[in-house]
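Enquirer: Predicted model and sequence below, questions to follow.
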Amino acid sequence: MEVVRNGWLKKNAWAAVLVLVGALPIAGFESEAPREQEVKPSGIARKAAVHLEGLRIREAALRRQLAALAPTGSYIVVDTARNRLYVRRRSEVLLAAVASTGSGTILDYPDRPGARWVFDTPRGEFMIQSKFMNPVWVKPDWAFVEEGLEVPADPAQRVEAGMLGDYALGFGNGFFIHGTLYTRLLGKNVTHGCVRLNDEDLRSVYRLADIGTPLMIF
Amino acid sequence: MGSGRITALLQRRTLRSLPTSPDLGRIFRLACWVALSLSTPALAVEPSSHGSVKGNDLDALREANRVLEEEIKLASRPRVYWLLDLSEGVIAIKGRGVELHRFPILAWHMAGGGSVAELFRLRAHPSVARPKATSGDEASQELIELQDMPAEYELVFDPPLTLFVAPPAHERPWLWARSRLREWFARFASWGRSVLVPSQKAAGPRLRLTLSREAAQSLAWSGTEGMPVVIKSAVPP
């Protein structure tokens, strides 16, 4: 008993136990709060880094997805504000041409009050639907009204050769990319909605564009 | 055996089971080593590689991804759309995800409540007086050209968003002043509506864009009714 009361055990063993118990929180065995204090900032940083990396991976995937929606082959861009036509493949410009696009003017129907034609080049995305060599112009009603003529009943009287140049590329609703006799008006908004080019540029566009080629007009 | 003897035996066993002084010294040293070896990893400093992660990087990436998601939806259909990139300071006219044309934003200012993190559609844009072609008088007909487009105007979108476009003050002071007046009036009208009809839907954010005269006219030219617009917000540094 004397050993227990006055010996090494009394002096040191309890100190050893105390040291061990005191060391446990440092070692992370006990007491959640101090461990949180040590781990929390790095945990947030790690989570943020993982999140950031996830966002970067997502961004790269989305960029690839968006790029995949771009036309794979050549496509035509028409800038109606500056009267320019471009044929592009990816970011490469294959052809840059001066064009003429819609005048934006209006013409009233002669016998229908309130009805009118608006001579705008349509904006949006289209595609080349037809290609013609040596096209003839089948004059629509407005061409006669504009000239102050009667609209003919006989369709044969609508046909006019040599007005559209050597080629024509249709993109729907009677709109075409075609040639012109009025080359001095290229670069101006003078057409009834079609896109006019000079002979050389028209030949290039005809050669570069196939049926199905996307056409973006703004 | 009396109770005194039993107690004495127990005490002796207890004394035998208790370690001697050299044992306790070893245990103490071992305990110190265990405590030290276990505490070292807990006390070790985390690598600082994550210290460069900023909240704004995350915000910028989130915004970039949101815009890309919107663009993918738009580019999957045949339509031309605008991308107002406030972080880069450009307006891009795009189709199929391809940039068709771009012009710089000289300055911008956002005001009013609401978020711009959605897809907007152009509801109202400046009207242009279209000249009339007269029968039998083709040669003399007037045309609409880019120069005929306004350089100062407002564009109204759905969901509510108003864009005030004007050239810089030093370039066209009168147009700039008119734009500020227009914006002030819109703000006043919005405030008036909110006071008179509290249940009315909010007017939405107001975005003031300072563009060069030609860029402002180009924007007015390219806008068509229902045109989709995506705005990429600028994340503050």
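Expert: That came through, no problem. Numbers count the residues shown, from 1 in each chain, chains lettered A, B, ... in the order given.
Enquirer: Which secondary structure elements does the helix or strand in which A:Ala68 is found sit against?
Expert: Using DSSP states H and E, the element containing A:Ala68 is helix A:32-69. Judged by 3 or more C-beta pairs under 8 Å, 6 or more residues apart in numbering or on different chains; DSSP states H and E, the packing partners of helix A:32-69 are helix B:21-43, helix B:55-75. Every C-beta, even on glycine, is put in place using the N, C-alpha and C of the backbone.
Enquirer: Quick one: name whatever helix or strand follows the last one.
Expert: Scanning forward in sequence from helix B:55-75 by DSSP H and E, the next helix or strand is strand B:80-85.
Enquirer: Partner strands of that next one, with direction?
Expert: strand B:90-95 (antiparallel), strand B:228-232 (parallel) (DSSP bridges).
Enquirer: What residues sit buried inside the helix holding A:Ala68?
Expert: If you call a residue buried by 16 or more other C-beta atoms under 10 Å in any protein chain shown, then helix A:32-69 has these buried ones: A:35, A:38, A:45-46, A:48, A:52, A:55, A:58-59, A:62-63, A:65-66, A:69.
Enquirer: likewise stretch A:184-200?
Expert: By 16+ other C-beta under 10 Å, the buried positions in stretch A:184-200 come out as A:186, A:188-198.
Enquirer: same deal with stretch B:163-170?
Expert: The neighbour-count check on stretch B:163-170 (16+ other C-beta under 10 Å) flags B:163-167 as buried.
Enquirer: circling back: may I see the buried residues of stretch A:184-200 organised as TSV, with secondary structure and distance to chain B added?
Expert: Converted to TSV, these look like this (DSSP: H, G, I helix; E, B strand; the rest coil; distance: C-beta to the nearest C-beta, whole Å):
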residue	secondary structure	distance to chain B
A:Leu186	coil	14
A:Lys188	coil	7
A:Asn189	strand	5
A:Val190	strand	6
A:Thr191	strand	10
A:His192	coil	9
A:Gly193	coil	13
A:Cys194	coil	15
A:Val195	strand	15
A:Arg196	strand	14
A:Leu197	coil	18
A:Asn198	coil	19
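Enquirer: residue contacts, A:Arg63?
Expert: B:Leu68 (C-beta atoms under 8 Å, 6 or more residues apart in numbering or on different chains).
Enquirer: quick revisit: make JSON lines from the buried residues of helix A:32-69 and add distance to B:Leu211 to it.
Expert: Formatted as JSON lines, the buried residues of helix A:32-69 follow (distance: C-beta to C-beta, whole Å):
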{"residue": "A:Arg35", "distance to B:Leu211": "57"}
{"residue": "A:Glu38", "distance to B:Leu211": "54"}
{"residue": "A:Ala45", "distance to B:Leu211": "42"}
{"residue": "A:Arg46", "distance to B:Leu211": "44"}
{"residue": "A:Ala48", "distance to B:Leu211": "37"}
{"residue": "A:Leu52", "distance to B:Leu211": "34"}
{"residue": "A:Leu55", "distance to B:Leu211": "31"}
{"residue": "A:Arg58", "distance to B:Leu211": "32"}
{"residue": "A:Glu59", "distance to B:Leu211": "28"}
{"residue": "A:Leu62", "distance to B:Leu211": "28"}
{"residue": "A:Arg63", "distance to B:Leu211": "27"}
{"residue": "A:Gln65", "distance to B:Leu211": "31"}
{"residue": "A:Leu66", "distance to B:Leu211": "26"}
{"residue": "A:Leu69", "distance to B:Leu211": "28"}
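Enquirer: Please determine how far A:Leu52 is located from B:Asp57.
Expert: 6 Å (C-beta to C-beta, to the nearest Å).
Enquirer: Spell out the residue ranges of the helices in the chain.
Expert: The chain I'm using is chain A. All helices of chain A, identified by DSSP state H, fall at A:2-6, A:8, A:14-27, A:32-69, A:141-146, A:199-208.
Enquirer: ah, I was thinking of chain B
Expert: All helices of chain B, identified by DSSP H, fall at B:3-17, B:21-43, B:55-75, B:173-196, B:213-222.
Enquirer: about what we covered before: any idea which of the buried residues of helix A:32-69 is closest to A:Trp137?
Expert: Within these, the smallest distance to A:Trp137 is 36.0 Å, found for A:Leu69 (C-beta to C-beta).
Enquirer: Nearest residue to that closest one in space, please, no chain neighbours.
Expert: Take A:Leu69 and drop its neighbours on the chain: the residue closest to it by C-beta to C-beta, 6 or more residues apart in numbering or on different chains is B:Ala75, 4.3 Å away.
Enquirer: Can you tell me how far the one you found is from B:Asp23?
Expert: Taking C-beta to C-beta as the measure, B:Ala75 falls 79 Å from B:Asp23.
Enquirer: The two: who's more crowded?
Expert: The neighbour comparison of B:Ala75 against B:Asp23 (other C-beta atoms under 10 Å in any protein chain shown) goes to B:Ala75, with 23 against 12.
Enquirer: contacting residues for the more buried one?
Expert: Contacts for B:Ala75 (C-beta under 8 Å, 6+ apart) come out as A:66, A:69-70, B:94-97.
Enquirer: now swap in A:Tyr86 and tell me
Expert: So A:Tyr86 contacts A:76-79, A:93, A:95-97 (C-beta under 8 Å, 6+ apart).
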